[in-house]
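**Student:** Starting from these lines, generate the structure:
(4 chains)
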2 protein chains.
Amino acid sequence: MPATTVETGTELKSKLFRGFSDGSRLSILEILVEGDATVGEIVEQTGLSQPNVSSHLRCLSECGLALSRRDGHHIYYRASDPRVHKIIQLAEELLADSAKGVYECTRYG
Amino acid sequence: MPATTVETGTELKSKLFRGFSDGSRLSILEILVEGDATVGEIVEQTGLSQPNVSSHLRCLSECGLALSRRDGHHIYYRASDPRVHKIIQLAEELLADSAKGVYECTRYG
DNA sequence: ATAATATATATTTATATATTTATATAAACA
DNA sequence: TGTTTATATAAATATATAAATATATATTAT
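**Tutor:** Now for the predicted structure:
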């Protein structure tokens, strides 16, 4: 899509969902919905490289899914809104019920 | 990720979110949560090509986000679960509130 | 059987994205 | 001020994915 295109609500929503649609980003979000965490803690808990985590956090922040504050050496990130958690929980429920087939999905992953 | 890797819950969830994370697929889902629709109707309403719609519908079906039934020449698709609608609505709310910045997100789209 | 309609699949091409590696910035403290 | 610690950015690479094009399948009716 060219930069000049006016994005519709649907396009913006789909963009928002991309925050959740990558395994690395979602594992970060799942940490953030439980409470604050520093980049280092996220690196430790996820096993992802520091620059990779940093890059995903930037993405999540720009999209408004995460917020940050600095405290000395550390920068603490957190989920921006309780609805981030709700969305993840609904996906969990769907997965347990109707969406079991996602495991076999051939289009991606 | 190699095919042999055992996927974690987080990976499966992120995969589920990919159903929502593409503009074309989300516009299809938004039609399906309003009620049944044939492939032809979806093509007409979205302006996407028939093979493209078909391909996305397969993706959505395999992941368990959509169901289908044949009636003569036509195949009717529908959202598999009311939670599909709920997830979209929560994203809408987030977009209206905390996630306004998604518009400027530079990582994708 | 054959034709018409509706939908699905395969292949290719273009593009988007995640990850790695290397380097830079920012804050705290000796 | 120089050094350490924490985090961010840039560039390069590898991979994943969407969409276009062409073709195939399935259902119904003639």
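
**Student:** Show me what the residue nearest to A:Ile31 when sequence neighbours are not counted bridges to in the sheet.
**Tutor:** The shortest distance from A:Ile31 to any residue other than its chain neighbours is 5.3 Å, reached at A:Ala37 (Cβ to Cβ, 6 or more residues apart in numbering or on different chains). Heads up, the C-betas are built off the backbone N, CA and C, glycines and all. A:Ala37 has these beta-bridge partners by DSSP bridges: A:Tyr77.

**Student:** so where's chain A uncertain?
**Tutor:** A:1-7, A:99-109 (pLDDT under 70).

**Student:** For it, which segments count as strands?
**Tutor:** Counting by DSSP state E, chain A forms strands over residues A:37-38, A:66-71, A:74-79, given from the N-terminal end onward.

**Student:** Against chain B, how distant is A:Cys26?
**Tutor:** Wrong residue type there; residue A:26 is Leu, not Cys. A:Leu26 sits 4 Å away from chain B when distances are taken as Cβ to the nearest Cβ, to the nearest Å.

**Student:** so that residue makes contact with A:Arg18?
**Tutor:** No. Counting by Cβ atoms under 8 Å, A:Leu26 stays clear of A:Arg18, with 10.6 Å between them.

**Student:** out of those two, which sits in the busier spot?
**Tutor:** The residue with more neighbours, out of A:Leu26 and A:Arg18 and counting by other Cβ atoms under 10 Å in any protein chain shown, is A:Leu26; that gives 24 against 21.

**Student:** residues contacting the closest residue to A:Lys13 other than its chain neighbours?
**Tutor:** In space, not counting the residues next to it along the chain, A:Lys13 is nearest to B:Ala91; the distance is 4.9 Å by Cβ to Cβ, 6+ apart. If a contact means Cβ atoms under 8 Å, 6 or more residues apart in numbering or on different chains, then B:Ala91 has A:13, A:16-17, A:87, B:20 as its contacts.

**Student:** The residue nearest to A:Ile31 - how many residues pack around it?
**Tutor:** A:Ala37 has 20 neighbouring residues, counting by other Cβ under 10 Å.
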